[in-house]
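> structure, please.
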Amino acid sequence: MTIDEELNLLESTLRRLKIEYEVFFNNPQKKPPSDVEWKVLALLRKFSDGSRMSFSQRYRFNEMAQRYAIYSDLWRKKTRIREEGYRRPQDALLAVQGVRIEEHEPEHKVYGLSHVKTSDDQPFAVQCSEPSAETDKVEKLYAALTDAKKKNGENASGTLDSFKTFVQKKTQEIRKQHKCEKVEYVVEVQDGRVKLRAKAKV
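Numbers count the residues shown, from 1 in each chain. Sure, this is the predicted structure:
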């Protein structure tokens with residue numbers, strides 16, 4: 001089985017696990033789907049180091065790992081409420097509501113690769129001199145840009161390959177124009193839109 005096929009299996013098993021938990025919380029006689037959850041965890045552990053995956057595969061895996069972390073936190077809370085009884089009105093509400101990812105941040109990270117964080121206060125920045133030899137930096141910059149656009153509700157258009165070509169050309173242009181050693185790229189939000197800014201660094 002190829003890595004893409006195993007990632008497809010992880011995605012379908014995670015989807016099944018979510019459905020099984022919904023059934024569990026709606027049926028007092030049901031047992032938690034421990035066997036399905038074990039399969040999800042086994043696949044997450046298998047790819048946790050990311051060494052065998054391409055950038056796009058790592059990005060896809062990371063999203064699924066974070067999704068499981070969010071689900072897992074909510075399931076744990078709902079299970080505790082179910083075992084202890086509904087003592088407060090908000091507990092009863094939590095027990096019947098569905099999982100809405102945008103409303104729940106995971107309390108812990110589960111087997112995910114590290115996310116590139118971007119915020120208005122601390123924009124993501126990276127310096128490049130030879131992008132063709134600094135693929136890790138360019139990939140992190142691409143991930144930061146696409147992640148920031150998604151969080152801002154913008155379409156993250158463009159492939160990683162086209163982005164690498166753009167950064168390579170832009171770096172050469174700025175280095176030649178300003179006779180500088182490095183070019184700094186910054187992902188930031190200006191006027192409500194995500195921007196990629198490039199400037200010469202001595």
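> list of residues touching stretch 30-37?
13, 16-17, 20-21, 23-24, 79 (CB atoms under 8 Å, 6 or more residues apart in numbering). C-beta: built from backbone N, CA, C; applies to glycine.
> measure the spatially most distant residue from the centre of the chain to residue 171 for me?
Each residue of the chain has a distance to the centre, and by CA atoms, centre = their mean the biggest one is for residue 179: 37.1 Å. Computed with CB to CB, to the nearest Å, the distance linking residue 179 and residue 171 is 13 Å.
> ok, now residue 149?
Counting by CB to CB, the gap from residue 149 to residue 171 is 21 Å.
> who has more neighbours out of those two?
Each of residue 149 and residue 171 has its neighbours counted (other CB atoms under 10 Å); residue 171 has more, 23 against 19.
> which residue packs closest to the more buried one, ignoring adjacent ones?
Nearest non-adjacent residue to residue 171, counting by CB to CB, 6 or more residues apart in numbering: residue 183, 4.7 Å away.
> in stretch 187-202, what counts as buried?
187-189, 194, 196, 198 (16 or more other CB atoms under 10 Å).
> one more: stretch 64-79?
Buried-residue list, stretch 64-79, by 16+ other CB under 10 Å: 64-75, 78.
> report the separation between residue 142 and residue 6.
24 Å.
> for those two, indicate the residue with more neighbours.
More crowded of residue 142 and residue 6, by other CB under 10 Å: residue 142, with 25 against 16.
> give me the distance from the lengthiest helix in the chain to the chain's centre.
The longest helix of the chain (DSSP state H) is helix 55-84. Its chain's C-alpha centre and that of helix 55-84 lie 12 Å apart, by CA atoms, centre = their mean, to the nearest Å.
> try stretch 167-184
Between the centre of stretch 167-184 and the centre of its host chain there is 30 Å, according to CA atoms, centre = their mean.
> before we move on, what about stretch 27-46?
22 Å.
> now do stretch 142-159
Using CA atoms, centre = their mean, the offset of stretch 142-159 from its chain centre is 11 Å.
> with stretch 158-174 instead?
23 Å.
> neighbours of residue 126, just the number please.
Neighbour number of residue 126 under other CB under 10 Å is 20.
> can you pull the contacts of it?
137, 140-141, 184-185.
> what about those residues, which are in strands?
184-185 (DSSP state E).
> just the buried ones from the contacts of residue 126, in PyMOL syntax?
In PyMOL syntax, the buried subset of those is picked out as below (16+ other CB under 10 Å):
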select buried, resi 137+140+141+185
